[in-house]
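Participant: Output the structure for:
(chains A and B)
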Amino acid sequence: MEHLIKVYNNISRKKETFVPINSPFVGMYVCGPTVYNDVHLGNVRTFVSFDVIYRYLQYYGYKVRYVRNITDVGHLTEDENAEDKMLKQAKLMQVEPMEVAQLYTNNFHEVLYLFNCLPPNIEPIATGHILEQIEMTQAILAAGFAYEIDGSVYFDVEKFNKKVGYGKLSGRKIEDLIANTRDLDGQENKRNNLDFALWKKANPEHLMRWKSPWGEGFPGWHLECSVMSTKYLGANFDIHGGGMDLKFPHHECEIAQNQAATHYEGARYWLHTNMLTVNGQKMSKSLGNGFLPAELITGDHPVLERGYAPMVIRFFMLQTHYSSTLDFSNEALDAAEKAYFRLMNAWENLNKLSLTPNANLQDAAEMEEVNRLCEACHQSMNDDFNTAMTIANLFELSRKINAYNDGKLALESLDEPTFARLQATYNDFIQVVLGLKNEQKEQGGKLTDGLMDIILDIRKAARENKDWTTSDLIRDRLNTLNVVVKDAKEATTWSVN
RNA sequence: GGUCGGAUGGCCGAGUGGCUAGGCAGAGGUCUGCAAAACCUUCUACACCAGUUCGAAUCUGGUUCCGACCUCCA
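Facilitator: Have a look, this model is predicted:
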């Protein structure tokens, strides 16, 4: 049995055994959002994926320091004015740029909380690390891999490529890049189109500006991640994550900066989550084809037939491996919703079961099967955090659990350690590792429960008298209120849909 | 054009050189006053063309189609 975690490392393009630099400590850095507007669902997917990775690494026994930044320095928009996104939004809203940042940082936190993502251990913000960014720029200048022109400092990609090598992560060759870069505004004073800004001189009207050895300006986009990962995790740490779309140029530039300043590439394992698509097209802020998490929850969007609970959406996302694209459709969400409630139902059933061990009834084959499935949950997570496979294993266990609950299989065929393992594994993987919560739970309330008891008692009496008209009337009327009544053998249960 | 990644049954989606993914939907059955739930059984697969192999959907080469990145994006 293999008990080591394997991860697909984008820098080697291979699945590798995960070996922390300083076990049991693990450092993980994930690129966070730019807080100039609402997070959309694609962002949520990435952070849910890394949330599960964070959760599993901890469950596995590692002491993880999870750092996820907030980018609150704006970067260039695609329009020809090359306007800073933070500033553009601030002007639009007629507020301070930092108010924009605060507003959408709050929104970001609320959304991730809704999706049951654990907060990172450190959430550094770019504007809180201007000094460090100036220092790293100086270090890169001192190493000879950057140059200053007119109050801006640029990374010298060509020189770096000759001496160290550029393009390892994305597999790009510098000659191809030179042939293909476009001319962008505000870049005319760079030596080479490929060069990227470490520090930009601020125009007189630019609101976000800081003093530096090169005059007033603001840091380049790629720099903050190099700086903050180095500051909180060291120059050489374990995992760096982010969306696939950050692979180039963002992460490539980060690696170059890291190497120029510290000689290390930064992280040893580079993990990228794939994109969310709508009708086969990437969901992105720029394309405007995304919906907001709130819209998906309420169903208030033209392409959505109805809303889905946050946990249903989280479950839906985890049914796919993080490295595959995930396409959104009402059909897929409906299927996921049914599956999710089945899982939750089995979970409830499991926690109602209690075993009185009986050595005479124990069945070695049955115990082996349960143990095998429990083991498989670990194995599938060890295999590059394969949540889809883990969920499949949990469904196999669900079938068992339901059979025990129904009496179709004797719970006594298990001995105590096997039953305890089943309970622990099932509870842990759903709750601790996958971070799912039971959405059904929050209904009822004392008064409702009491009223339902009365109603169902009356119905029970009717059924005992074979007064099917009355019993069916009660059930049908409750149904119109979305209350579903189920007559199981022992008792009648109800739930709100 | 360059770089990278895909193509799996009605749908969503894992995985693998020979052995059931899983979920949703469909069919049959058990249970039930009926219904629901649950359980059991079951039907649809691995883009195309070559090659390697005892054996390939899984490896190799080619073809077609699709997507991402190459400008900010998770």
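
Participant: Skipping adjacent residues, who's closest to the residue in the stretch 1-150 of chain A positioned nearest to RNA strand B in space?
Facilitator: Here the residue of the stretch 1-150 of chain A nearest RNA strand B is A:Gly42; by C-beta to the nearest atom of the strand that distance is 2.2 Å. From N, CA and C alone the C-beta is placed, and that goes for glycine too. Once flanking residues are discounted, A:Gly42 sits nearest to A:Leu276: 4.3 Å by C-beta to C-beta, 6 or more residues apart in numbering.

Participant: give me the number of residues near A:Leu292?
Facilitator: 18 (other C-beta atoms under 10 Å).

Participant: related to what we said a few turns ago, quick one, what contacts the residue of the stretch 1-150 of chain A closest to RNA strand B?
Facilitator: A:Gly42 sits next to A:Gly243, A:Met275, A:Leu276, A:Lys282, A:Met283, A:Ser284, A:Gly290 when contact means C-beta atoms under 8 Å, 6 or more residues apart in numbering.

Participant: tell me the domain boundaries of chain A?
Facilitator: A:19-273, A:281-439, A:444-496 (automatic domain parsing).

Participant: mind checking the backbone torsions on A:Thr34?
Facilitator: Dihedral pair for A:Thr34: phi -90, psi 120, per degrees, to the nearest 10.

Participant: which residues sit in contact with it?
Facilitator: Contacts of A:Thr34 by C-beta under 8 Å, 6+ apart are A:Thr71, A:Asp72, A:Gly74, A:His75, A:Lys85, A:Met86.

Participant: Identify the residue with the minimum pLDDT among those.
Facilitator: Summarising pLDDT for the contacts of A:Thr34: the lowest-scoring member is A:His75, with 67.

Participant: touching RNA strand B at all, the one helix or strand A:Val67 maps to?
Facilitator: Element membership of A:Val67, judged by DSSP states H and E, is strand A:63-68. No: judged by C-beta under 7 Å from any atom of the strand, strand A:63-68 stays clear of RNA strand B, getting no closer than 9.9 Å.

Participant: Please spell out which residues along the helix or strand following that strand are buried.
Facilitator: Per DSSP H and E, strand A:63-68 leads on to helix A:85-93 as the next helix or strand towards the C-terminus. Of all the residues in helix A:85-93, those buried under the rule 16 or more other C-beta atoms under 10 Å are A:Lys85, A:Met86, A:Leu87, A:Lys88, A:Gln89, A:Ala90.

Participant: can I get these in JSON lines with distance to A:Asp300?
Facilitator: Listed next are the buried residues of helix A:85-93 as JSON lines, based on distance: C-beta to C-beta, whole Å:
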{"residue": "A:Lys85", "distance to A:Asp300": "26"}
{"residue": "A:Met86", "distance to A:Asp300": "27"}
{"residue": "A:Leu87", "distance to A:Asp300": "30"}
{"residue": "A:Lys88", "distance to A:Asp300": "26"}
{"residue": "A:Gln89", "distance to A:Asp300": "23"}
{"residue": "A:Ala90", "distance to A:Asp300": "27"}
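
Participant: Which of those sits closest to A:Thr320?
Facilitator: Nearest to A:Thr320, judged by C-beta to C-beta, of the buried residues of helix A:85-93 is A:Lys85 at 29.6 Å.

Participant: Hmm, the closest one is touching A:Val35, no?
Facilitator: No: shown here, A:Lys85 and A:Val35 do not form a contact pair, counting by C-beta atoms under 8 Å, at 9.7 Å.

Participant: how about the strands of the stretch 351-497 of chain A, start to end?
Facilitator: A:483-487, A:492-496 (DSSP state E, counting those that start in this stretch).

Participant: Counting neighbours, what do you get for A:Cys31?
Facilitator: Neighbour tally, A:Cys31, other C-beta under 10 Å: 21.

Participant: For it, which non-adjacent residue is closest in space?
Facilitator: A:Gly242 (3.7 Å).

Participant: With A:Asn349 instead?
Facilitator: A:Asn405 (4.1 Å).
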